[in-house]
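**Q** I would like the atomic coordinates for the input below:
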Amino acid sequence: YELSQIVEMLCKLARVEFDVVIESTLMRPTDATDQRPNTDKFRVLAPEWGPEIPYEQTLRDTLDYWRERV
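**A** Got it, this is the predicted structure:
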């Protein structure tokens, strides 16, 4: 997932509205803008493997965890 997609999911799951601010002064010129792992070897070694829990559910569970503790 792209970070923008994750932020969009979090916005939908949040119970409060919030603004997303990109602080360009914190960006470093060496920061990678696109990172994609090559999973070809893994998929050959474990072709039956696949995620069991959707990513959005993981975000929901994480938010719920912290909602109980804050």
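**Q** the helices in this protein, which residues?
**A** Applying DSSP state H to the chain gives helices spanning 3-13, 40-45, 55-69.
**Q** any low-confidence regions in the chain?
**A** For the chain, no stretch has pLDDT under 70.
**Q** re the thing from before, for the helices of the chain, give me a markdown table that also has mean neighbour count.
**A** Placement of C-beta: from N, CA and C, glycine included. Putting these into a markdown table (neighbours: other Cβ atoms under 10 Å) gives the following:
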| stretch | mean neighbour count |
| --- | --- |
| helix 3-13 | 12 |
| helix 40-45 | 9 |
| helix 55-69 | 11 |
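**Q** select, out of those, the one closest to A32.
**A** In terms of Cβ to Cβ, the element of the helices of the chain nearest to A32 is helix 3-13, at 11.7 Å.
**Q** could you tell me the angle between that closest one and helix 55-69?
**A** Put simply, helix 3-13 runs at 50 degrees to helix 55-69, going by axes from the mean of the first three to the mean of the last three Cα atoms, to 10 degrees.
**Q** about what we covered before: reformat the helices of the chain as CSV; add distance to V20.
**A** CSV is the format used below for these (distance: least, Cβ to Cβ, whole Å):
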stretch, distance to V20
helix 3-13, 6
helix 40-45, 32
helix 55-69, 15
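**Q** out of the ones you listed, nearest to T33?
**A** When the helices of the chain are ranked by proximity to T33, the top entry is helix 3-13, at 10.4 Å, counting by Cβ to Cβ.
**Q** what packs against the closest one?
**A** On a contact count with 3 or more Cβ pairs under 8 Å, 6 or more residues apart in numbering; DSSP states H and E, helix 3-13 meets helix 55-69.
**Q** contacts only, for W49.
**A** With contact set as Cβ atoms under 8 Å, 6 or more residues apart in numbering, W49 has these partners: F42, R43.
**Q** mind checking the helices of the chain for the one nearest to D34?
**A** Once those are compared by Cβ to Cβ, helix 3-13 is nearest, at 10.9 Å.
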